[in-house]
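A.B. asks: got a sequence here, can you build the structure:
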Amino acid sequence: MFDLLSRGVVIGVGATILMDVWAIVLWKVFGEPRPNWGPVGRWFWHLPKGTVFHDTIAQAEPYAHEVALGWISHYAVGILYGILLALWGGAAWFAAPTFLPAFVLGILTVGAGWFLLQPGLGIGWAASKLPHANKVRMLNLVAHTVFAAGLYGTALLLLA
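C.D. replies: Next up, the predicted model:
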């Protein structure tokens with residue numbers, strides 16, 4: 001069990017790193033804004049206080065270390081997803097990784113962003129309050145597909 005958990009941590013970190021590299025490519029090549037993890041950190045900071053959904057996270061009480069907390073949360077969630085795939089796929093999946101389970105998990109994780117994080121930040125279900133919601137949704141789907149590729153690719157690297 002410890003082996004599965006540790007492999008889950010490794011593939012979660014690897015996948016999150018690849019997702020961050022993808023964000024850099026989008027920024028450098030296509031001029032897309034870089035992710036701002038400050039609002040996410042602020043959102044996580046308010047969770048223990050019982051506030052899940054905000055009208056707008058910008059109006060919520062700031063937290064001095066919200067950017068750092070946002071980055072930590074980003075990686076913690078990536079690790080959690082890696083552990084979920086490790087437990088779901090088990091030792092058999094790590095012995096011969098395939099893309100499909102990673103892809104299914106990657107696409108399912110978009111739901112956490114669309115139906116928990118984005119409304120929690122005050123931008124609506126699946127970014128519905130944003131003027132360019134469909135673009136955000138498409139970028140979310142692509143980013144989580146990249147995350148899935150990172151899960152799969154990191155699992156392959158563990159075979160080497």
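
A.B. asks: drop to CA atoms for contacts and neighbour counts, all remaining ones
C.D. replies: Noted.

A.B. asks: list the contacts for the one residue sitting closest to the centre of the chain?
C.D. replies: The structure's the chain has its C-alpha centroid closest to Gly78; by C-alpha atoms, centre = their mean the separation is 5.4 Å. For Gly78, the contacting residues are Gly12, Val13, Ala15, Thr16, by C-alpha atoms under 8 Å, 6 or more residues apart in numbering.

A.B. asks: now it: which helix or strand?
C.D. replies: helix 66-95 (DSSP states H and E).

A.B. asks: kindly report the same for Ser6.
C.D. replies: Counting by DSSP H and E, Ser6 is found in helix 2-30.

A.B. asks: who does that helix touch, helix- and strand-wise?
C.D. replies: helix 66-95, helix 133-159 (3 or more C-alpha pairs under 8 Å, 6 or more residues apart in numbering; DSSP states H and E).

A.B. asks: and the ones you listed as JSON lines, adding distance to Asp3?
C.D. replies: Shown next, in JSON lines, are those (distance: least, C-alpha to C-alpha, whole Å):
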{"stretch": "helix 66-95", "distance to Asp3": "9"}
{"stretch": "helix 133-159", "distance to Asp3": "12"}
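
A.B. asks: okay, now the closest residue to Val40 other than its chain neighbours: neighbour count?
C.D. replies: Once flanking residues are discounted, Val40 sits nearest to Gly70: 5.0 Å by C-alpha to C-alpha, 6 or more residues apart in numbering. The number of residues packed around Gly70, counting by other C-alpha atoms under 10 Å, is 21.

A.B. asks: out of the helices and strands packed on helix 2-30, nearest to Gly120?
C.D. replies: helix 66-95 (13.8 Å; C-alpha to C-alpha).

A.B. asks: the very next helix or strand once past that closest one: which residues count as buried?
C.D. replies: The element immediately downstream of helix 66-95 (helix or strand, assigned by DSSP H and E) is helix 99-112. Applying a neighbour-count criterion of 16 or more other C-alpha atoms under 10 Å, one finds Pro101, Ala102, Phe103, Leu105, Gly106, Ile107, Thr109, Val110, Gly111 buried in helix 99-112.
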